[in-house]
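Enquirer: curious how this folds, go ahead:
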Amino acid sequence: MPLLEAFLGRPIDRLTFADLQRLVETRAAEDTQLDFKRQLYDDGEEMAADVVAMANSTGGAIVIGVEEKDGIASALLPVQLSDQTAVQMRQWLASLTAPRVHDVDVRPIPSADPAAGVYIINVPRSPTFPHAVVKKMALRYYYRAGPARHPMSEAQVAEAYQSRFSRLRQREERLEAITKAAAPSSYSDEPHFRAWVAVTLIPGYPGVMDISARRLRELEKWADTVCEPLHRGMVHGNARAFPNIERVSVTTRNKETDPPFGYYLHLYTDGAASAAGQLLTEDLVYGPGKPPAGLGIYADELVRKAAECLRVAASHASANTGVRGSALVRCALHFASGPARLGYAHFNSWEGYHPPREIPAPALVGMPRGIDLDPVLSDPVEWMSATRVVVTDLFHAFALPEVIQITEGGAFNTNYWRHDMLTGWKAVQDVPRVKETIQFLR
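Expert: Predicted structure coming up:
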């Protein structure tokens, strides 16, 4: 729990101006996690340095509008509150910190006069520290100890980077384990649904989710809603949630061990997740009477299902465990038999892209990629841009140099989508459409 919340006995998002008066009444002292400022910042670099120092240490809160004497809160001195001021402080942090410090909450607390009050800048400890302040062409690193900000020595910076890389390796190893667990344990006998696309996600900041009977019922209702665009009417029953150690599995079957159909999810208590969607496939038969020689996958459906899997995984992290900010993501393609080829619909039949490249069963796994959760859940264009990043490795493996269904700017290239794949997809109605011919296709 942040020091300010523990001191005042109330979450930061529920604090009032009267609550903050207790800082003065109890003579609260500045500390590693608590910093008082008498007036608004007039220098973006100064604010960035204070925020970076906390993010590189244990996190904390900067309270603007509190006078201090010798580090002890002595009076509340309300400052002017405005949307412009809050936006400016967020812009300073976006442009003057490297790497950017995520999840910093700039929160106004109005007094009796709604135009005046106190700002609380809530800074979580960053999992990607060290962060630096950008000063012209140089980087300056800081940490906070006690009531003061200090510059980091060369040795401290080197040790912090070693720690970051070690944490990143641990996250990648866990992502690898979650990706393996996301592979279907068995495949149904449906002849045209013999492949799955799965997106696995690990948030930068761990969240919290309990496992209880009530939670399982809540997760089932949540899955029925968020997964409807993922299965597109394939599933007519309700979701079923099954508990495990630090994980809940969600399937459309009555038994967890039955072959999954439509979609299945692994939802972890710290916000990590895997979401898998079933793909329409075509048996590749080269000649009358010959057995199938491979599996054909439709590229536009692969992209759409991967996008929905990404959104479901991000929604779990945010809605079910309270996570925001960055995440490490991976996309994988699982199929029971192969080899698999990527193609498109041509006059109601499957046609492979050229030059052809076949991928042997049972799986094709992309590399870990970094995304921001908030834009994926709030901005359809950013969601599509993130999807393009996540599935690019799969397209490269099939010998395509880029994801032709989505442009770099997050627009749909309708030349490479079937009409029915976009029609009725309500969540992306505001995504721009373009018609561009990609010349490398022959």
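Enquirer: how near is residue 13 to residue 236?
Expert: Relative to residue 236, residue 13 is positioned 40 Å away (Cβ to Cβ, to the nearest Å). Any C-beta I mention is one placed from the backbone N, CA and C, and that applies to glycine too.
Enquirer: nearest residue to the middle of this structure?
Expert: residue 373 (2.9 Å; Cα atoms, centre = their mean).
Enquirer: mind listing what that residue touches?
Expert: Counting by Cβ atoms under 8 Å, 6 or more residues apart in numbering, residue 373 touches 203, 314, 317, 318, 323, 324, 325, 326, 327.
Enquirer: rerun that using 10 Å as the cut-off
Expert: With contact taken as Cβ atoms under 10 Å, 6 or more residues apart in numbering, residue 373 is in contact with 102-103, 201, 203-205, 271, 310, 313-315, 317-318, 323-327, 329, 386.
Enquirer: ditto for residue 395
Expert: By Cβ under 10 Å, 6+ apart, residue 395 lies in contact with 299, 302, 303, 342, 353, 366, 388, 401, 402, 403, 404, 405.
Enquirer: burial of the third one, as a residue count?
Expert: So the one you mean is residue 303. Neighbour count of residue 303, defined by other Cβ atoms under 10 Å: 26.
Enquirer: mean confidence (pLDDT) on the helix or strand hosting it, please.
Expert: Under the criterion of DSSP states H and E, residue 303 resides in helix 299-315. The pLDDT scores in helix 299-315 average 97.
Enquirer: how far does that helix sit from its chain's centre?
Expert: Put simply, helix 299-315 sits 13 Å off its chain's centre (Cα atoms, centre = their mean, to the nearest Å).
Enquirer: quick one: the strands in the stretch 301-442 of the chain?
Expert: Along the stretch 301-442 of the chain, counting by DSSP state E, counting those that start in this stretch, strands occupy 326-335, 340-346, 349-352, 363-365, 369-372, 412-413, 433-434.
Enquirer: flag every buried residue along the first one.
Expert: Under the neighbour-count criterion of 16 or more other Cβ atoms under 10 Å, strand 326-335 has 326, 327, 328, 329, 330, 331, 332, 333, 334, 335 buried.
Enquirer: and if you look at the second one?
Expert: Of the residues in strand 340-346, those with enough neighbours to count as buried (16+ other Cβ under 10 Å) are 340, 341, 342, 343, 344, 345.
Enquirer: how about those residues in JSON lines, adding pLDDT and distance to residue 120?
Expert: Below are these laid out as JSON lines (pLDDT from 0 to 100; distance: Cβ to Cβ, whole Å):
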{"residue": "340", "pLDDT": "95", "distance to residue 120": "53"}
{"residue": "341", "pLDDT": "95", "distance to residue 120": "55"}
{"residue": "342", "pLDDT": "96", "distance to residue 120": "50"}
{"residue": "343", "pLDDT": "95", "distance to residue 120": "54"}
{"residue": "344", "pLDDT": "93", "distance to residue 120": "53"}
{"residue": "345", "pLDDT": "91", "distance to residue 120": "54"}
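Enquirer: out of these, which is nearest to residue 128?
Expert: The shortest approach to residue 128 among the buried residues of strand 340-346 belongs to residue 342, at 34.1 Å (Cβ to Cβ).
Enquirer: contacting residues around the closest residue in space to the closest one that isn't next to it in sequence?
Expert: Excluding the flanking residues, the one nearest residue 342 by Cβ to Cβ, 6 or more residues apart in numbering is residue 398, at 4.0 Å. Each residue near residue 398 by Cβ under 10 Å, 6+ apart is listed here: 297, 299, 302, 333, 340-343, 352-353, 355-359, 364.
Enquirer: what's the spacing between residue 398 and residue 349?
Expert: 19 Å.
Enquirer: can you check residue 245 too?
Expert: Taking Cβ to Cβ, one finds residue 245 at 46 Å from residue 349.
Enquirer: residue ranges for the strands of the stretch 51-200 of the chain, please.
Expert: Using DSSP E, counting those that start in this stretch, the strands of the stretch 51-200 of the chain run over residues 60-64, 66-69, 72-76, 79-80, 97-98, 105-110, 116-123, 132-135, 138-145, 148-151, 195-203.
Enquirer: take these and write them to TSV, including distance to residue 45, mean pLDDT and mean neighbour count.
Expert: Shown next, in TSV, are these (distance: least, Cβ to Cβ, whole Å; pLDDT from 0 to 100; neighbours: other Cβ atoms under 10 Å):
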stretch	distance to residue 45	mean pLDDT	mean neighbour count
strand 60-64	15	96	24
strand 66-69	22	95	17
strand 72-76	25	95	17
strand 79-80	19	96	17
strand 97-98	10	95	18
strand 105-110	17	95	17
strand 116-123	15	96	22
strand 132-135	6	95	18
strand 138-145	9	96	18
strand 148-151	12	96	14
strand 195-203	30	96	28
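Enquirer: could I get those as TSV with distance to residue 210?
Expert: Compiled in TSV, those are given as follows (distance: least, Cβ to Cβ, whole Å):
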stretch	distance to residue 210
strand 60-64	26
strand 66-69	36
strand 72-76	36
strand 79-80	39
strand 97-98	34
strand 105-110	24
strand 116-123	24
strand 132-135	37
strand 138-145	32
strand 148-151	37
strand 195-203	17
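Enquirer: looking at these, spot the one closest to residue 254.
Expert: Going by Cβ to Cβ, the one of these nearest residue 254 is strand 195-203, 19.7 Å.
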